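**Student:** Sharing a sequence plus its predicted fold:
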Protein chains: 2
Amino acid sequence: MRNRPIPEATVARLPIYLRALLEVAEGRGELTVSSEELAAMAGVNAAKVRKDLSYLGSYGTRGVGYDVEYLLYQITRELGLTQDWPAAIIGIGNLGRALASYKGFSERGFRISALFDVDEEVLGEQIGGLPIRHLDELKEAVVEEGISIGIIATPPMAAQEVAEKLVDAGVKSILNFAPSVVNVPPDVSVRKVDLSIELQILSFYQQRTQAIATAREANRRLAVQRKV
Amino acid sequence: MRNRPIPEATVARLPIYLRALLEVAEGRGELTVSSEELAAMAGVNAAKVRKDLSYLGSYGTRGVGYDVEYLLYQITRELGLTQDWPAAIIGIGNLGRALASYKGFSERGFRISALFDVDEEVLGEQIGGLPIRHLDELKEAVVEEGISIGIIATPPMAAQEVAEKLVDAGVKSILNFAPSVVNVPPDVSVRKVDLSIELQILSFYQQRTQAIATAREANRRLAVQRKV
DNA sequence: CGAAGTTTGTGATTGCGCTCACAAGCTTTA
DNA sequence: TAAAGCTTGTGAGCGCAATCACAAACTTCG
């Protein structure tokens, strides 16, 4: 199993296990944890946990479970979190500001190290000790400060252009909050977070259950009518 | 194909097609659009677009394409976006505030209609005309204002409790921004947006390509050494 | 009107991921 | 030391989603 490439679906779950393990480690100092417990904390089933972890290697002990500290280290290493990856935020509007001061990033070891915008109004303003710089300085900053992740929080129209500037500057990882599709070369990873798409998906399922409820209601009325 | 249930993966893409269609409709007034064009705009391949749309019904015309307005209407209807689904945000910190004033929601037809927190400091404060109310008023507000979507933007520890209060109040759709797993009854939909998990996933792939580059480098050195 | 060109809709195929189920290997108990 | 109990690691089977490939149905052109 080792040496086989780690499936994408598994990669996406590793951070969840990591969080669960941190919780175990910080709680009443249990030294080991079973796949069953991890599964409950991560909201998945135990077999999936075991299979996922088996891609990293055989880090568990049968009859015992997984050594919490050891597994923590292995996942951290596998995710590349032993190094730090400085990130830049481009587009310092509402969302960009919230991201700039979002504590979740620093808690998980990600450091926001530069902010960019093009609006004269906000240039020079400081957020959490970081000045907002002009987008034209992007390439320079990426090289000098070793920025490896670009976070796009611009309006949708600007997203593709910003993505291209990031790629041109050598950034290989992009997190896109703008509600638009960005195209990049195959050696660049893009992940997309689209807030209103999530609501639209919820709307679909909500509407569906509502439609079912309405249909049931209609049936009930018909049934009553027939009896009368 | 019609009447068969729409696959989850398709549902998740419908909002993307919707956005693309809106762009076409607002642009130079083209009346029809081909699966090829839609695919390019949505960043997927044409066959997938056609299969996805075929679940909604046969709304295209061979040799011509899809009628933009008609398809727009059908997707809107299928997603349940002809009705409005008032949403509440719980947890008005950095992120909650940004979400409260995020224009993307209103642009896509979602209305934030109530804000909740428990911090005395912020209660009563207004954001975009809405007062921040105490969480204890949640149930009451849900019933009175017909709130159908709950957006959790609290610290992780509070998320499960808030989710339970939402469920208790009758909310069936939850969007969770807190970095924690929430458990809800099977008739409630939860979608999760975890910002730092996205960065961790990017980190994995970044580290991987970096590791490959380093290995290549090492090989090159060895090759040179052998020659010498 | 017929042929060539477009574009959809969908059966067939392939691939990926999830779940099951159980042997292997550890601990505990007697 | 042997038996019972627990938990991992993984092959096998299954189902969903993606892709392929082509007939069907339309438009355009000569």
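**Tutor:** Nice, I can see it.

**Student:** what's around the residue of chain A found nearest DNA strand C, how many residues?
**Tutor:** Nearest residue of chain A to DNA strand C, counting by CB to the nearest atom of the strand: A:Gly63, 2.4 Å away. The C-beta positions use only the backbone N, C-alpha and C, and glycine is treated the same way. Counted with other CB atoms under 10 Å in any protein chain shown, residues neighbouring A:Gly63 total 5.

**Student:** Name the nearest residue to A:Arg13, sequence neighbours excluded.
**Tutor:** The shortest distance from A:Arg13 to any residue other than its chain neighbours is 5.7 Å, reached at A:Asp52 (CB to CB, 6 or more residues apart in numbering or on different chains).

**Student:** Surely that neighbour is within a helix?
**Tutor:** Yes. Counting by DSSP: H, G, I helix; E, B strand; the rest coil, A:Asp52 falls inside a helix.

**Student:** So what does the residue of chain A closest to DNA strand C look like in phi/psi?
**Tutor:** The phi and psi torsions at A:Gly63 (degrees, to the nearest 10) take the values phi 80, psi -10.

**Student:** Quick check: the gap between it and A:Ser34.
**Tutor:** Note on A:Gly63: its distance to A:Ser34, by CB to CB, to the nearest Å, is 10 Å.

**Student:** and A:Pro131, that's in a helix?
**Tutor:** No. Under three-state DSSP, A:Pro131 falls outside any helix and is assigned strand.

**Student:** could you list every residue that touches A:Val188?
**Tutor:** A:Val167, A:Val171, A:Lys172, A:Ser173, A:Ile174 (CB atoms under 8 Å, 6 or more residues apart in numbering or on different chains).

**Student:** which residues in chain A form strands?
**Tutor:** A:32-33, A:60-61, A:65-67, A:87-90, A:112-117, A:126-127, A:130-134, A:149-152, A:173-176, A:189-192 (DSSP state E).

**Student:** now check the fifth one, is it near chain B?
**Tutor:** No. Contact between strand A:112-117 and chain B, assessed by CB under 8 Å from any CB of the partner chain, is absent, since the two come no nearer than 10.3 Å.

**Student:** What is the neighbour count of the residue nearest to A:Gly80 when sequence neighbours are not counted?
**Tutor:** Excluding its sequence neighbours, the residue lying closest to A:Gly80 (CB to CB, 6+ apart) is B:Gln207, at 2.6 Å. Neighbourhood size, B:Gln207 [other CB under 10 Å]: 20.

**Student:** who are the neighbours in contact with B:Gln207?
**Tutor:** A:Leu79, A:Gly80, A:Gln83.

**Student:** Just the buried residues of those residues.
**Tutor:** A:Leu79, A:Gly80 (16 or more other CB atoms under 10 Å in any protein chain shown).

**Student:** from the contacts of B:Gln207, which are also near DNA strand C?
**Tutor:** Filtering the contacts of B:Gln207 for proximity to DNA strand C by CB under 7 Å from any atom of the strand leaves nothing.

**Student:** From the contacts of B:Gln207, pick the one nearest DNA strand D.
**Tutor:** So of the contacts of B:Gln207, ranked by how close each gets to DNA strand D (CB to the nearest atom of the strand), first place is A:Leu79, at 17.8 Å.

**Student:** Who are the contact partners of the closest one?
**Tutor:** So, once contact is read as CB under 8 Å, 6+ apart, A:Leu79 ends up touching A:Leu14, A:Pro15, A:Leu18, B:Gln200, B:Ser203, B:Phe204, B:Gln207.

**Student:** Leaving out the residues flanking it, which one is nearest to the fifth one?
**Tutor:** Looking back up the chat, that one is B:Ser203. Nearest non-adjacent residue to B:Ser203 (CB to CB, 6+ apart): A:Gly80, at 4.5 Å.

**Student:** Just give the closest residue to A:Val44, not the sequence neighbours.
**Tutor:** The spatially closest residue to A:Val44, leaving aside those adjacent along the chain, is A:Arg13, at 6.9 Å (CB to CB, 6+ apart).

**Student:** State the number of residues packed around the one you found.
**Tutor:** With other CB under 10 Å as criterion, A:Arg13 counts 20.

**Student:** Surely it is in contact with A:Met41?
**Tutor:** No. Judged on CB atoms under 8 Å, A:Arg13 makes no contact with A:Met41 at a distance of 12.0 Å.

**Student:** Is A:Leu81 in contact with B:Gln206, as I believe?
**Tutor:** No. A:Leu81 lies out of contact with B:Gln206 (CB under 8 Å); the separation is 10.8 Å.

**Student:** A:Ala100: what's it in contact with?
**Tutor:** So A:Ala100 contacts A:Ile89, A:Ile92, A:Ile112, A:Leu115, A:Ile127, A:Gly128, A:Leu130 (CB under 8 Å, 6+ apart).

**Student:** For the fourth one, which residues are in contact?
**Tutor:** If I follow you right, that is A:Leu115. A:Ala88, A:Ile89, A:Ile90, A:Ile92, A:Gly96, A:Ala100, A:Ile127, A:Leu130, A:Pro131, A:Ile132, A:Arg133.

**Student:** Most neighbours among the residues you listed, which one is it?
**Tutor:** A:Ile89 (29 neighbours).

**Student:** how many neighbours does the nearest residue to A:Ile6 once chain neighbours are set aside have?
**Tutor:** Spatial nearest neighbour of A:Ile6, chain neighbours left out: A:Tyr55 (4.7 Å); criterion: CB to CB, 6+ apart. Counted with other CB under 10 Å, residues neighbouring A:Tyr55 total 17.

**Student:** cool, A:Asp187 as well?
**Tutor:** Neighbours of A:Asp187 (other CB under 10 Å): 9.

**Student:** could you check the distance from the residue nearest to A:Ile6 over to A:Arg19?
**Tutor:** 18 Å.
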